[in-house]
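*Asks:* please find the sequence and the predicted model below.
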Amino acid sequence: MSERLLTIEGLDTGYDGVAVVRGLSLHVDAGEVVALLGPNGAGKTTTLMTVSGMGQILAGSVTITGRPVPRLRQAHRVARWGVIHVPENRGLLFQLTVRENLQLAKTRGSVDIDRALDFFPALGPLISRRAGLLSGGEQQMLALARSIVAEPKLLMVDEMSLGLAPVIYEELMPVVRRIADETGAGVLLVEQHVDLALEVSDRGYVLNHGDLVMQGAASDLLADRALLDASYLGVESLED
């Protein structure tokens, strides 16, 4: 049985004491990809921020490998537990080279940089180029490669396709699946492109206006596209 990496139970989280997400329960196991879907403003990024230790837990609980995430913001502690968050803006140091960005992610005993580049061979010829001079797709590759170097237990990827051409994010999405399969990391994937996200995921959850309105196996969600579309509009809800 796979290790349970992330457990969220009855979570209310938000800002300044106001809940943006209400009553959320979900889990992520080692080696699986879980999609967290929903329209803009649904609370997806807020959820990731809270798991990272940068949000405010108003009710419920978040545990990572059995350890509770503190209610007060303590991102440094959560990061030591093997949680890596690739944000919408990719979080790169644009004045540093590709190699330097990767080296900064290394920890004692972490994988070799060349191992991370195996996932993204297009970065090899760019190893000495500054991150700020890369294309959007190359920057996203670097952000993901850097996360691999850090050897995450739980990898959270926020809107990977943001600002990218379809041909680029269609190539990148299967790499997320490969990261989970080959490293054993659990992946929580926030994404607007529903079909692409579910195609590489094991399970999915749909948020709308902060409420969980649908969940299930990725294949089941894809098979019931009418209900999935309705859940985005808040027309119907389904929970397994």
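*Replies:* Received the coordinates, thanks.

*Asks:* and R71, how far from A79?
*Replies:* To A79, R71 is 17 Å away according to CB to CB, to the nearest Å. C-beta: built from backbone N, CA, C; applies to glycine.

*Asks:* can you count the residues close to R115?
*Replies:* Residues lying near R115 (other CB atoms under 10 Å) number 15.

*Asks:* nope, H27 is what I was after
*Replies:* Residues near H27, counting by other CB under 10 Å: 17.

*Asks:* once you drop chain neighbours, what's closest to it?
*Replies:* T7 (5.0 Å; CB to CB, 6 or more residues apart in numbering).

*Asks:* list the contacts of the one you found.
*Replies:* Taking CB atoms under 8 Å, 6 or more residues apart in numbering, we find T7 in contact with 27, 61-63.

*Asks:* of those residues, which is the most crowded?
*Replies:* Within the contacts of T7, V62 tops the neighbour count with 24 neighbours, counted by other CB under 10 Å.

*Asks:* what's the average pLDDT for the helix or strand harbouring it?
*Replies:* Counting by DSSP states H and E, the element that carries V62 is strand 56-64. The pLDDT scores in strand 56-64 average 95.

*Asks:* list the helices and strands the lengthiest helix in the chain packs on?
*Replies:* The helix that spans the most residues within the chain, counting by DSSP state H, is helix 166-183. Helix 166-183 sits against strand 33-37, helix 113-119, helix 136-149, strand 154-158, strand 186-190, helix 194-199, with contacts defined as 3 or more CB pairs under 8 Å, 6 or more residues apart in numbering; DSSP states H and E.

*Asks:* what's the burial count for the residue nearest to D16 when sequence neighbours are not counted?
*Replies:* Nearest residue to D16, sequence neighbours excluded (CB to CB, 6+ apart): Q56, at 7.9 Å. Per other CB under 10 Å, the neighbour tally for Q56 reads 19.

*Asks:* partners of Q56 in the sheet?
*Replies:* Q56 has the following beta-bridge partners by DSSP bridges: G14.

*Asks:* confirm for me that it is in contact with V18.
*Replies:* No - Q56 lies out of contact with V18 (CB atoms under 8 Å); the separation is 9.3 Å.

*Asks:* and the strand holding V62 with strand 154-158, angle?
*Replies:* Interaxial angle, strand 56-64 versus strand 154-158 (axes from the mean of the first three to the mean of the last three CA atoms, to 10 degrees): 140 degrees.

*Asks:* quick one: mean pLDDT for the helix or strand following strand 56-64?
*Replies:* Later in the chain than strand 56-64, the nearest helix or strand by DSSP H and E is strand 67-68. Averaging pLDDT along strand 67-68 gives 93.

*Asks:* next SSE after strand 67-68?
*Replies:* That would be, after strand 67-68 and using DSSP H and E, helix 75-80.
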